[in-house]
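Asks: compute the structure for the input listed below.
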Amino acid sequence: MKRRFSTYWQVWIGLLISVAFLFLAVRNIHWPDVWAAWRAARPDLLLLGVVLLVAGWGVSATGWRVLLSPAPGLRVRDTFAYICIGFLANTVLPFRLGELARATLIGRKKGLGISRALGSIAMGRVFDLLTLISIILIVALAMDIPPVIQTALASVAVGGIGALLFLVFLAFHQERLPRFTAVLTRIMPHRLAEKIMALVQGFSAGASVLRRPARLLLVAALCALGGSLAGTTVWVWTRAFHLAVPWHGAFFVLVVVNLGSAIPSSPGYVGVYHYLAVLALSPWIPDRNAALAYALGTHALNMIANAGLGSYFLAREGISLRGLKSEVAARVPETRDGP
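Replies: Numbering: from 1, shown residues only. The predicted structure follows:
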């Protein structure tokens, strides 16, 4: 009963936050001007942006495949499919189950274990954070970063560096894990200690790329390429809506919107995405109507791409959305099995 009550309130808190941000995004808006900006948008550049968006997912899938090495029989098209399914889950399901969904599916389908899959995803997230920090440092050479963004990035940097140090420790001190297991079994129930250690071992396997300089450099290069494609996608879409935003402005929008993904909200980041996109564009686009047209249009394109590709690959797996949610919930205990 307590768990159901907690779940209920988590859903409603996310919805309320989305409504609040959506209100901030649409206040003082003249909707005929928004509609006019939509009608004037260039379809060719909108489509090019979608192509670049999906290409960025392909780069992420390649990086994830490297992080999961060695994994015989696992192809980049497999990791791409599970990434798309994860995006679909984040778009339509509560609690942002996307990461857990793709870890569950690839762990079960490819025999990797959920813990190892989660470890590789965590490692990828650390690289993504470091990429965002690198992007904003480059952008800072061309513009003054607002203090609130500096504060948020400082928090992200501390968290990212802390996570990286933890993963480095796991990668280079795997021989100490059995001792850690013995300590845990003395201070907590044996079953709980096993589950924790299975997750730690999985994260250790995901961090093993840190011990292979060639793979580490490859993952870093792929993250840099993925970040470049994502920023270019934003720039192309600003051009589609005839917004005079410089290249560094497009990458600034990318960083701000990505930071917003940490804010609890409804599925699909409704409201949060729209307000932060309008806010990030404001130094160059004071016309909120034009900025909101961009936010609504690009969010819709993201959601269509997420839902379309995710639904295709989910159907290919022979699973419904309801089945995916149930499978994720049912497979969580299996993390104790380890990689």
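Asks: which stretches of the chain form helices?
Replies: 2-26, 31-40, 43-67, 76-92, 98-109, 114-139, 147-172, 177-187, 190-206, 213-240, 247-260, 272-281, 288-316, 321-331 (DSSP state H).
Asks: of all the residues in the last one, which ones are buried?
Replies: Judged by neighbour count (16 or more other C-beta atoms under 10 Å), helix 321-331 contains these buried residues: Leu324, Lys325, Glu327, Val328, Arg331. The way it works is simple: take the backbone N, C-alpha and C, and place the C-beta from them, glycine included.
Asks: what's the most buried one of the helices of the chain?
Replies: helix 272-281 (a mean of 24; mean count of other C-beta atoms under 10 Å).
Asks: before we move on, back to that, Ser266: which of the helices of the chain is closest?
Replies: helix 2-26 (4.0 Å; C-beta to C-beta).
Asks: in JSON lines: the buried residues of helix 321-331, plus distance to Val245.
Replies: Putting these into JSON lines (distance: C-beta to C-beta, whole Å) gives the following:
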{"residue": "Leu324", "distance to Val245": "37"}
{"residue": "Lys325", "distance to Val245": "38"}
{"residue": "Glu327", "distance to Val245": "42"}
{"residue": "Val328", "distance to Val245": "38"}
{"residue": "Arg331", "distance to Val245": "43"}
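Asks: returning to that earlier point: JSON lines for the helices of the chain, including distance to Ser266 and mean pLDDT?
Replies: Formatted as JSON lines, those follow (distance: least, C-beta to C-beta, whole Å; pLDDT from 0 to 100):
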{"stretch": "helix 2-26", "distance to Ser266": "4", "mean pLDDT": "76"}
{"stretch": "helix 31-40", "distance to Ser266": "21", "mean pLDDT": "95"}
{"stretch": "helix 43-67", "distance to Ser266": "21", "mean pLDDT": "96"}
{"stretch": "helix 76-92", "distance to Ser266": "10", "mean pLDDT": "93"}
{"stretch": "helix 98-109", "distance to Ser266": "14", "mean pLDDT": "87"}
{"stretch": "helix 114-139", "distance to Ser266": "22", "mean pLDDT": "88"}
{"stretch": "helix 147-172", "distance to Ser266": "21", "mean pLDDT": "78"}
{"stretch": "helix 177-187", "distance to Ser266": "37", "mean pLDDT": "67"}
{"stretch": "helix 190-206", "distance to Ser266": "28", "mean pLDDT": "68"}
{"stretch": "helix 213-240", "distance to Ser266": "22", "mean pLDDT": "94"}
{"stretch": "helix 247-260", "distance to Ser266": "13", "mean pLDDT": "93"}
{"stretch": "helix 272-281", "distance to Ser266": "9", "mean pLDDT": "94"}
{"stretch": "helix 288-316", "distance to Ser266": "12", "mean pLDDT": "95"}
{"stretch": "helix 321-331", "distance to Ser266": "16", "mean pLDDT": "74"}
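Asks: so who does Val126 touch?
Replies: Listed by C-beta atoms under 8 Å, 6 or more residues apart in numbering, the contact set of Val126 reads Gly160, Ala163, Leu164, Leu167.
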